[in-house]
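Peer 1: 3D model of this:
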Amino acid sequence: MAESPFDESLTPAVRRVDTGLTPDDIPDIEELTGPPQTLEPEIQAVWSLQAAITAAILGGVAAVGFSMIEFGSPRIGGAVFTVGFLVGIVFAVLRYRIWTYQVREDSLYLHRGVLTQVTTVAPYVRIQHVDTRRSPTERVFGLSTTVVYTAGSRGADVSIPGLTPERAEDLQSRLKQLAIAAEGEDAV
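Peer 2: Predicted structure coming up:
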């Protein structure tokens, strides 16, 4: 038998974390995965409201700035607001149409972006924890965001906005179960 080239004393001990779950508590992978999912349509209103606030600020700054110029007109601020607001609404609709996520067997997949489309793959074995949050605007529209924190430095967390609180909690629970199952499969 050949001798191992690795110093066995340097191998770190494997530490198991007791989650309180038995293998019977974790559902089959087929029960936890599914087809691509879209966001709730109300997220378009949230994004449009954010665009309106941004457009109002830019329009106000433009109105004040151009009114200080000798030949300027405060009407330019109104034009900046109108253009900014319309562009914001178009972006909100396009963003909604493109944004999807999918819970697959091995990873969470996200696809989003209007000008630059981004596909993110978050392997379950890299998931550290999952949160749900609700901003004041999201609460008004009955929405929630699920935030997935992964091990890594660049883009170590991903957010899935525009979910109902029930969907967000369900997704949080499913991702937790899949991460626990993946940890067991990946253990040394």
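Peer 1: Scan the protein for its longest helix.
Peer 2: Assignment by DSSP state H gives helix 43-68 as the longest helix of the chain.
Peer 1: could you check the angle helix 43-68 makes with whichever helix or strand comes after that one?
Peer 2: With elements assigned by DSSP states H and E, the helix or strand that comes after helix 43-68 is helix 75-98. With axes from the mean of the first three to the mean of the last three Cα atoms, to 10 degrees applied, the angle from helix 75-98 to helix 43-68 works out at 160 degrees.
Peer 1: picking up where we left off before, helices and strands around the longest helix of the chain, which ones?
Peer 2: helix 75-98, helix 136-140, strand 157-163 (3 or more Cβ pairs under 8 Å, 6 or more residues apart in numbering; DSSP states H and E). In short, each C-beta sits where N, CA and C put it, glycine included.
Peer 1: burial measure for L143, as a count.
Peer 2: Counted with other Cβ atoms under 10 Å, residues neighbouring L143 total 23.
Peer 1: Can you verify my assumption that it contacts I43?
Peer 2: Yes. Counting by Cβ atoms under 8 Å, L143 touches I43, with 6.2 Å between them.
Peer 1: Need the residues touching each of these two.
Peer 2: P161, G162 (Cβ atoms under 8 Å, 6 or more residues apart in numbering).
Peer 1: re earlier: tell me which of the helices and strands packed on helix 43-68 is the most buried.
Peer 2: strand 157-163 (a mean of 20; mean count of other Cβ atoms under 10 Å).
Peer 1: Given that strand, what are its sheet partners and their directions?
Peer 2: Partners of strand 157-163 in the sheet, by DSSP bridges, are strand 144-150 (antiparallel).
Peer 1: Could you list the low-pLDDT ranges of this protein?
Peer 2: By pLDDT under 70, the weakly predicted segments of the chain are 1-32, 70-72, 74, 153, 155, 185-188.
Peer 1: That one - how does it break down into domains?
Peer 2: Here the domain parsing of the chain from automatic domain parsing is 45-94, 100-188.
Peer 1: Relative to G34, which of those is closest?
Peer 2: G34 lies closest to domain 100-188 among the domains of the chain, at 5.7 Å (Cβ to Cβ).
Peer 1: buried residues in stretch 33-41?
Peer 2: L39, E40 (16 or more other Cβ atoms under 10 Å).
Peer 1: what's it in contact with?
Peer 2: Against stretch 33-41 from outside (Cβ under 8 Å, 6+ apart): 96, 99-105, 109, 111, 143, 160-164, 167.
Peer 1: Give me the neighbour count for S48.
Peer 2: 18.
Peer 1: That one and V140: what is the separation?
Peer 2: 13 Å (Cβ to Cβ, to the nearest Å).
Peer 1: give me every residue that touches K176.
Peer 2: Taking Cβ under 8 Å, 6+ apart as the test, what K176 contacts is V130.
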